[in-house]
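# Test case, fold it:
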Amino acid sequence: MTGADAGQSGWQKGETKLSKESVPGSFKYLWKIQLGKPSLGGDSFSEPLLAARLINAQGFKDIAFWSSADTLYAVDSELGNLIWKKKFEVKAAPAGCKSSSLSIVMEPPVVINFGARRAPGAPPPPQAPPLEPSERRIGVAAGGGGFGLKGIYLLTPDGMLHEQVLTTGVDFAPPVKYLPSGDASAFGLNIRGKSIYTATGRDCGGAPNGVWAIDMTTSEYPVVSYKTEKIKPLTLTGPALGPDGTAYIVTGAGTSDAAAGIYANSVIALGQDLKPKDWYAPTDTSGNIQYVSPVTFPYKGRQLVVAPGGGGSLVLLDAASLGGADHHTPLAETASLSKAGEKHSWDGFAAWQDKDGTQWVFASVSAGITVKGDAATMNHATLHGGIVALKIVETDGKLSLTPAWISRDMTNPAPPAIANGVLVALSGGNASAHAKLYVLDATTGAELYSSKETISAYTNHSGVSIGDGHAFFTDHDGVLYSFGVAIEH
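From the prediction side, this is the model:
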């Protein structure tokens, strides 16, 4: 799923091929493939999703999935060949409601313990028989054991939730209604258990601004929602989800309505029924962030959240009480990372714990970075933006977010991806500057790899995903790129 997990930490824990030792000299451009047409839609996030060791007619395949404004693509992630594509009928939408990418998400794979042994004489656990095609419905596995058919979920602008078989792209079951009819134009999908979450923030058609969740455990597919009226959720990637199903969003400017549970310029925690259960609101509302999603992660028995604070700062929040008794008091707040009021096109976060137990937070900042300090290593002038790495430091029982290093200058950087001590950062560029991919030492910011002039176009709110020693992303022209450590075929 986007950001590697439901909390959108960006930490790919299973990745082992990328390392500080393997990247220098071995990490390189591998392949690219033209998929969709150049993006003509509005602001929407896309990140290739990865599924490993799937079985199709050609044998075992590792597949990268990506969607354009009307088509879902499945690409052999090792060879760069198109395996299948599925086009959806998407009606023309008003200019402000067009989306450049359909929202997609997959359920986490089933964990199978191949080393497990049954007690002597114990019968094997019962297996559900495979379902007949006529019995299938979205969200219900097809049966046949741990290797039964698996699907990828996709939300089309008409508000219908689809599920396609991963290996073939065919319809797993008939689509179901998720969002109200009209030009829904959703902001990303996230999943926990059998509930899929999304957000809408363009006030389009019959889908007002808010957060939505659909329950796939019953054939009625009930949907709950949290309407934010004229206030926009700023999350392009869908809400971040805590382990208890709490959804976290950041809201934009507007007029709060406490009686209705609507809070502007705030971090809001929503229960599984999507009713507000808590919120944090900075006292300084001079920030100017267009899109951002918080990150949530466990730390020493607590669930923490990192999100924008006031005036260009970042705040560390305790999920048990986001802003304290007055809703304005975070656990910790940084100095301003950028000038108050300077426009940020989109920002993001990632969280990682190193082998020594130090908790790191990485922020992608799409405005000039101004934070200073003895603890911060300024690797280059960052006039346009970049990655700020921070450590959670505990002193006398109090936590702080302490800057550790700052990357070179990056234009519209994507949320970072982390694995095995290395950080993959995508500088998205713009119409005047092409994208660049970097691999950095996550603890120092030292540059291990740069794509330099390899990428000819810029990206458009494109995330980067990593797996099996590779990094994947798409550019503004609908080209899927693969960089990584090459393997024998």
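# rest of the way, CA atoms for contacts and neighbours
Noted.
# Run through the strands of the stretch 351-489 of the chain in chain order.
359-365, 377-378, 386-395, 398-406, 417-419, 422-427, 436-441, 447-450, 465-467, 470-474, 479-485 (DSSP state E, counting those that start in this stretch).
# actually the stretch 1-150 of the chain, not the one I wrote
27-34, 49-56, 59-67, 71-76, 82-87, 103-106.
# how long is stretch 340-352 from one end to the other?
Chord length of stretch 340-352, first to last residue, is 28 Å (CA to CA, to the nearest Å).
# Which one of the strands of the stretch 1-150 of the chain lies nearest to residue 1?
strand 103-106 (5.4 Å; CA to CA).
# Can you name every helix or strand that that closest one contacts?
Using 3 or more CA pairs under 8 Å, 6 or more residues apart in numbering; DSSP states H and E, the elements in contact with strand 103-106 are strand 59-67, strand 151-155, strand 186-192.
# Would you give the sheet partners of the second one, along with the direction of each?
Strand pairing for strand 151-155, determined by DSSP bridges: strand 103-106 (antiparallel), strand 160-165 (antiparallel).
# lowest average confidence, helix or strand, in this structure?
strand 377-378 (a mean of 62; mean pLDDT, DSSP states H and E).
# about what we covered before: for residue 318, find the nearest of the helices and strands packed on strand 103-106.
That would be strand 186-192 among the helices and strands packed on strand 103-106, by CA to CA, at 20.6 Å.
# quick one: contacts of that closest one?
1-2, 6, 44-46, 103-107, 155, 157, 196-201, 235-241, 245 (CA atoms under 8 Å, 6 or more residues apart in numbering).
# hmm, which of those residues are the buried ones?
1-2, 6, 44-46, 103-107, 155, 157, 196-201, 235-241, 245 (16 or more other CA atoms under 10 Å).
# follow-up on the earlier one: could you dump the strands paired with strand 151-155 to a markdown table with distance to residue 30 and mean pLDDT?
Putting the strands paired with strand 151-155 into a markdown table (distance: least, CA to CA, whole Å; pLDDT from 0 to 100) gives the following:
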| stretch | distance to residue 30 | mean pLDDT |
| --- | --- | --- |
| strand 103-106 | 25 | 94 |
| strand 160-165 | 27 | 94 |
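# Let me have those strands in JSON lines, extended by distance to residue 404.
Below are the strands paired with strand 151-155 laid out as JSON lines (distance: least, CA to CA, whole Å):
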{"stretch": "strand 103-106", "distance to residue 404": "33"}
{"stretch": "strand 160-165", "distance to residue 404": "42"}
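# Among these, which comes closest to residue 151?
Between those, strand 160-165 lies closest to residue 151; by CA to CA that is 4.5 Å.
# which parts of that closest one are buried?
Quick answer for strand 160-165 (16+ other CA under 10 Å): 160-164.
# Repeat that for stretch 354-369.
Buried residues in stretch 354-369 (16+ other CA under 10 Å): 359-369.
# cool, and stretch 422-436?
Buried-residue list, stretch 422-436, by 16+ other CA under 10 Å: 422-429, 434-436.
# could you give the mean pLDDT of it?
Averaging pLDDT along stretch 422-436 yields 96.
# do stretch 307-322 as well
Rounded mean pLDDT across stretch 307-322 is 95.
# Ends of that stretch, what's the gap?
Stretch 307-322 end-to-end distance (CA to CA) = 11 Å.
# Residues contacting that stretch, please?
So stretch 307-322 is contacted by 250, 267, 278-280, 282-287, 293-295, 302-306, 323, 329-341, 400-401 (CA under 8 Å, 6+ apart).
# Of all the strands paired with strand 151-155, which one is nearest residue 484?
strand 103-106 (23.2 Å).
# Now tell me what touches the closest one from outside.
So strand 103-106 is contacted by 1-2, 46, 49, 66-67, 151-156, 186-191 (CA under 8 Å, 6+ apart).
# Swap in 6 Å and give it another go.
1, 152-155, 188-189 (CA atoms under 6 Å, 6 or more residues apart in numbering).
# if we can go back for a sec, comparing the strands of the stretch 1-150 of the chain, which comes out most buried?
strand 103-106 (a mean of 25; mean count of other CA atoms under 10 Å).
# quick revisit: among the strands paired with strand 151-155, single out whichever gets nearest to residue 13.
Here strand 103-106 is closest among these (CA to CA), at 17.2 Å.
# where does the protein dip in pLDDT?
Confidence mapping of the chain against pLDDT under 70 gives the ranges 39-43, 95-96, 110-114, 128, 142-149, 182-183, 205, 372-381, 488-489.
# Mind picking the one among the buried residues of stretch 354-369 that's closest to residue 168?
residue 364 (35.7 Å).
# How much space separates the closest one from residue 386?
The value you get for residue 364 to residue 386, if CA to CA is used, is 6 Å.
# And for residue 286?
In terms of CA to CA, residue 286 sits 21 Å off from residue 386.
# ditto for residue 22
From residue 22 to residue 386 the distance is 24 Å (CA to CA).
# cool, and residue 118?
Residue 118 is 52 Å from residue 386, by CA to CA.
# Which of these two has more residues huddled nearby?
residue 386 (29 against 9; other CA atoms under 10 Å).
# Look up the residues forming beta bridges with that one.
Bridge pairing for residue 386 - DSSP bridges - gives residue 365.
# Let me see the contact set for it.
Residue 386 touches 364-365, 407, 409-410, counting by CA under 6 Å, 6+ apart.
# Same list, those, but as TSV with distance to residue 218 please.
Below are the contacts of residue 386 laid out as TSV (distance: CA to CA, whole Å):
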residue	distance to residue 218
364	39
365	41
407	47
409	49
410	46
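# right, and out of the residues you listed, which lies closest to residue 90?
So of these, ranked by how close each gets to residue 90 (CA to CA), first place is residue 364, at 32.5 Å.
# isn't the closest one right up against residue 346?
No. Using CA atoms under 6 Å, residue 364 is not in contact with residue 346, being 8.4 Å away.
# Now do residue 481: how many residues are near it, please.
22.
# who's it bridged to?
Going by DSSP bridges, residue 481 forms beta bridges with residue 32, residue 473.
# Between the two ends of stretch 336-356, how far is it?
First residue to last in stretch 336-356 (CA to CA) measures 28 Å.
# So which bits of that stretch are buried?
Those buried within stretch 336-356 under the rule 16+ other CA under 10 Å are 336-340, 342-353.
# what do you get for stretch 86-97?
Those buried within stretch 86-97 under the rule 16+ other CA under 10 Å are 93, 97.
# Pull the distance from that stretch to the chain's centre.
23 Å (CA atoms, centre = their mean, to the nearest Å).
# again with stretch 263-282
Per CA atoms, centre = their mean, the centroid offset for stretch 263-282 relative to its chain is 20 Å.
# List the buried residues in that stretch.
Result for stretch 263-282 [16+ other CA under 10 Å]: buried residues 263-270, 272-282.
# mind checking the end-to-end distance for stretch 467-482?
Start-to-end, stretch 467-482 (CA to CA) is 11 Å.
# ugh, wrong one, I meant stretch 314-331
Stretch 314-331: ends 11 Å apart by CA to CA.
# now stretch 268-282
For stretch 268-282, the end-to-end distance is 12 Å (CA to CA).
# Stretch 276-289 now?
22 Å.
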